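**Q** Would you be able to build a 3D model of this:
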Amino acid sequence: MNVDQFDFHLPEHLIAQTPLKERTASRLLALDKKAGTITHGIFRDLKQYLRPGDTLVLNDTRVLPARLHGVKADTGGQVELLLLKQEENNRWETLAKPAKKLKVGTVLHFGESAEGIPLLKAIVRDEGDMGARTVEFVYEGIFHELLDQLGEMPLPPYIRERLDDRERYQTVYSKHEGSAAAPTAGLHFTSEYLEELREAGVETAFVTLHVGLGTFRPMSVDKVEEHVMHAEYYELSEENARLIRNTRERGGRIVAVGTTSARTLETIGNRYGADHIQACSGWTDIFIYPGYGFTLTDALLTNFHLPKSTLVMLVSALAGTDLTMKAYAEAIEREYRFFSFGDAMFIY
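**A** This next block holds a predicted model:
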């Protein structure tokens, strides 16, 4: 399967640079995968596509202020680290710029106290591919407090506008810190709208998947089957496993909110079988593309994604490639807003 099958031209002005004032004010494209029909509306219309007994599965990961700007201790040259995954102790997997100048043993400084002492130091311990560097942090105090003080939200490179309110790149239900990017389909929800859905008989369950390196690496192969996903950590509690089991037993639909929730659900479904879901945790590198048979995900709420991305391929696996490309063409024609702060798409 050729990667070019998932390509399309996206006018740059359709890339949303800032979030809307109201989270639920975005547009919604609803795609009926069986009938092949496309309907256009607003996000709050989601309620009419959900049924009592359905369960929304939300990813409650929380984004770290994971972008650090600092200097090389020896030359004063500017450097940037994007924290991706914590390893043992104070070691982190990162994306570094300029990576070519950050050899093993290089010392980096971030921030400065009133006495001119760096608040945070990092020592490069290992070099990886495509800008990956493993660093070990040295500091006094509490690491996450320093990160809150020194770090910036790791907005994707296609967003060039400044984000004034950090919480707009967090879902209202974010809980467990560890992501290098937001599960953006969830950004459309407010606590009030989630409660409105619950009152209508729609349940909510939570998974945790910490979004990592795979979000930032483009596909570098021509054949879809040759792409290798980066592993990301996930968790499902017993309470939420029970909610998912109960939903299936009563004939309700499992509605994944975002591709990260879908990938987590499918990882767990493949691990245990759709009717025997259990609490678990682990690492997943699942890659979902057309031809994949879904085990748990009945419907998907997602944003509009990059051309030739693994996310478009996941959507195509659920809705079919031709119908997905048709929906994307209509979204572009009608000038939907794309990517992290953009509009939503519901596939059912």
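
**Q** tally of neighbours for residue 341?
**A** 24 (other CB atoms under 10 Å). Placement of C-beta: from N, CA and C, glycine included.

**Q** Give me the phi and psi for it.
**A** Dihedral pair for residue 341: phi -100, psi 20, per degrees, to the nearest 10.

**Q** Which residues are in contact with the residue nearest to it when sequence neighbours are not counted?
**A** Spatial nearest neighbour of residue 341, excluding adjacent residues (CB to CB, 6 or more residues apart in numbering): residue 16 at 3.9 Å. Shown in contact with residue 16 (CB atoms under 8 Å, 6 or more residues apart in numbering): 159, 337, 338, 339, 340, 341, 342, 343.

**Q** go with 7 Å
**A** By CB atoms under 7 Å, 6 or more residues apart in numbering, the residues touching residue 16 are 337, 338, 339, 341, 342.

**Q** Could you give the bridge partners of the second one?
**A** The one in question is residue 338. Here residue 338 shows beta-bridge partners residue 15, assigned using DSSP bridges.

**Q** Test my guess that it contacts residue 9.
**A** No - the pair residue 338 and residue 9 fails to qualify as a contact (CB atoms under 7 Å) at a distance of 11.9 Å.

**Q** Helices along the stretch 1-150 of the chain, start to end?
**A** Counting by DSSP state H, counting those that start in this stretch, one finds helices in the stretch 1-150 of the chain at the ranges 46-49, 143-150.

**Q** and residue 223, which of those helices is closest to it?
**A** Between residue 223 and the helices of the stretch 1-150 of the chain, the shortest gap by CB to CB is with helix 46-49, which sits at 35.0 Å.

**Q** Can you list the buried residues in that closest one?
**A** Within helix 46-49, the residues scored as buried using 16 or more other CB atoms under 10 Å are 46, 49.

**Q** ditto for stretch 7-15
**A** Buried, per 16+ other CB under 10 Å, within stretch 7-15: 10, 14, 15.

**Q** Pull up the distance across that stretch, start to finish.
**A** Start and end residues of stretch 7-15 are separated by 16 Å (CA to CA, to the nearest Å).

**Q** got a list of what residue 337 touches?
**A** If you count contacts by CB under 7 Å, 6+ apart, then residue 337 has 14, 16, 343 around it.

**Q** Just send those back as CSV, with pLDDT and distance to residue 165 too.
**A** Converted to CSV, those look like this (pLDDT from 0 to 100; distance: CB to CB, whole Å):
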residue, pLDDT, distance to residue 165
14, 98, 23
16, 97, 15
343, 98, 20
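
**Q** Dump these into TSV; add distance to residue 193 as well.
**A** Below are these laid out as TSV (distance: CB to CB, whole Å):
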residue	distance to residue 193
14	25
16	20
343	16
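
**Q** Closest one to residue 137 out of these, please.
**A** If you rank the contacts of residue 337 by distance to residue 137 using CB to CB, residue 16 comes first, at 33.4 Å.

**Q** still on that earlier bit, how near is the residue nearest to residue 341 to residue 228?
**A** Counting by CB to CB, to the nearest Å, the gap from residue 16 to residue 228 is 30 Å.

**Q** ditto for residue 204
**A** For residue 204, the distance to residue 228 - CB to CB - is 33 Å.

**Q** who's more crowded, those two?
**A** residue 204 (18 against 12).

**Q** Can you check the pLDDT for that one?
**A** If you check residue 204, the pLDDT there is 98.

**Q** Kindly report the same for the one 5 residues further on.
**A** Predicted confidence (pLDDT) at residue 209: the value is 98.

**Q** burial count for it?
**A** Using other CB under 10 Å, the number of residues around residue 209 comes to 27.
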